[in-house]
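Colleague: below are the sequence and a predicted model for it; my questions follow.
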Amino acid sequence: MRRPTPLPTPEEPPRRAAADRGGSARGAASDSAPALAPEAQRREIPARASASRRRSSEPAAAEETAPIPEWIDDAPLFAPEPLRPVDREAVPVDAPAEPPGEAEPTVRLGDVWRSARARRRAIRSEVRRFTVRQRRRRIVWLSVIAAVVLLIAASIGSAYSPLFAVQRVDVVGTSQLDAQTVAHALSGQIGTPLAAVDESAVKAALVQFPLIETYTVEAQPPHDLVVRIVERTPVGFIQYPSGYSLVDAAGVQLSMSSTPPSGYPALTVSDTSSTAFRALGAVIRALPTQLRSIVTAGSAQTADDVTLTIGGTGTRIVWGSADESAEKAKVLETMMVSRPPQGVHVYDVSSPSAIVVQ
């Protein structure tokens, strides 16, 4: 802001006029006054010099000073200059002044590329510094996963490789069948990797043996194939015009012969697929070994009408249904001890809690 210019003081012109008048009066007096003594003149000279200096420092004479308008008294001492808006973009405040005569440096593409590359390197370095733990955990997990994958791949590869090929077939659980005959039927699996054994081929080879009820195949590394067999249990034979058929409790024909098989009872049923035959087969299978060995015949018209015959004496055992067969067999053995079959015609165990002997 510019400093205001002071206005002249109204009292100065009258004082200047009075001074002029006083000077004139003093001049006249000096002209009329007698000459002063030398000491008085020496004192007056400095006074005149100081007065002249004072007069020279005062403003111009009253006649040279313009008259002061009346409105000056009511006007403010100074008028502020209006502020101008400053364009900060055009004139930056902190921008250093460029030295005169110095040209602006040129920016090359290579310098820009090198600066960007250095910046990218610095950013990558900071990222690596702040992600050390995360990268370590990732490396550990990737290592574990890779080890598991390699282990699985190695296991699968070795299982299907000749290192684990079948070199021997073991047959377990046969009593009526010849184990060597069954193993020879499975010889087609020799040389096959344990993991690639053909289940359908094994089943087709074992179907040739009717005495096999169920089987399981187990691979025992490095070179053994174990076949566990559950044989069918014959319950008796049925006489047909063509011969005698040995059957199990399910009615499956196990063998055919022209003579009655020894050690098995003769069965009299209308059909091997009927409920009466299934009940008869279940009863014979539930008999203890000692009791089964003396039974020579069995018959059933319905599922609740099972009857057995003891050989030698012809004693009949009225069994009833196949329910509670174990309890009935236990009660029958106890009764046969106290009442042997030689003196008994009928054992009625259809109700095990109330056995009847005739």
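Modeller: Received it, and whenever you're ready, just let me know what you need.
Colleague: and the strands in this protein, which stretches?
Modeller: According to DSSP state E, the chain carries its strands in the segments 168-172, 212-220, 224-231, 234-240, 243-248, 253-257, 266-268, 295-300, 306-310, 316-320, 346-348, 356-357.
Colleague: adding mean pLDDT, write those strands out as JSON lines.
Modeller: Converted to JSON lines, those look like this (pLDDT from 0 to 100):
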{"stretch": "strand 168-172", "mean pLDDT": "92"}
{"stretch": "strand 212-220", "mean pLDDT": "91"}
{"stretch": "strand 224-231", "mean pLDDT": "92"}
{"stretch": "strand 234-240", "mean pLDDT": "91"}
{"stretch": "strand 243-248", "mean pLDDT": "91"}
{"stretch": "strand 253-257", "mean pLDDT": "87"}
{"stretch": "strand 266-268", "mean pLDDT": "91"}
{"stretch": "strand 295-300", "mean pLDDT": "92"}
{"stretch": "strand 306-310", "mean pLDDT": "92"}
{"stretch": "strand 316-320", "mean pLDDT": "92"}
{"stretch": "strand 346-348", "mean pLDDT": "92"}
{"stretch": "strand 356-357", "mean pLDDT": "88"}
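Colleague: now the ones you listed as TSV including distance to Arg278?
Modeller: Glycine gets a C-beta too; all of them are placed from N, C-alpha and C. Below are the strands of the chain laid out as TSV (distance: least, CB to CB, whole Å):
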stretch	distance to Arg278
strand 168-172	29
strand 212-220	15
strand 224-231	19
strand 234-240	10
strand 243-248	11
strand 253-257	15
strand 266-268	12
strand 295-300	9
strand 306-310	11
strand 316-320	14
strand 346-348	22
strand 356-357	26
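Colleague: can I get those in JSON lines including mean neighbour count?
Modeller: Output for the strands of the chain, formatted as JSON lines (neighbours: other CB atoms under 10 Å):
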{"stretch": "strand 168-172", "mean neighbour count": "16"}
{"stretch": "strand 212-220", "mean neighbour count": "14"}
{"stretch": "strand 224-231", "mean neighbour count": "18"}
{"stretch": "strand 234-240", "mean neighbour count": "19"}
{"stretch": "strand 243-248", "mean neighbour count": "20"}
{"stretch": "strand 253-257", "mean neighbour count": "14"}
{"stretch": "strand 266-268", "mean neighbour count": "18"}
{"stretch": "strand 295-300", "mean neighbour count": "19"}
{"stretch": "strand 306-310", "mean neighbour count": "21"}
{"stretch": "strand 316-320", "mean neighbour count": "21"}
{"stretch": "strand 346-348", "mean neighbour count": "17"}
{"stretch": "strand 356-357", "mean neighbour count": "14"}
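Colleague: quick check: which of these is nearest to Ile190?
Modeller: Proximity to Ile190 (CB to CB) singles out strand 168-172 among those, at 7.2 Å.
Colleague: on contacts alone, who are the packing partners of the closest one?
Modeller: Strand 168-172 is packed against helix 179-185, strand 224-231, with contacts defined by 3 or more CB pairs under 8 Å, 6 or more residues apart in numbering; DSSP states H and E.
Colleague: in PDB, list the C-alpha atoms belonging to the last one.
Modeller: Listed next in PDB are the C-alpha coordinates belonging to strand 224-231 (Å, rounded to 0.1, in the frame of the first residue of the first chain):
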ATOM      1  CA  ASP A 224       1.100-110.800  -4.100                       C
ATOM      2  CA  LEU A 225      -2.600-111.000  -5.100                       C
ATOM      3  CA  VAL A 226      -4.700-112.600  -2.400                       C
ATOM      4  CA  VAL A 227      -8.200-114.000  -3.200                       C
ATOM      5  CA  ARG A 228     -10.400-114.700  -0.200                       C
ATOM      6  CA  ILE A 229     -13.200-117.200  -0.900                       C
ATOM      7  CA  VAL A 230     -16.400-118.000   1.000                       C
ATOM      8  CA  GLU A 231     -17.700-121.300  -0.200                       C
END
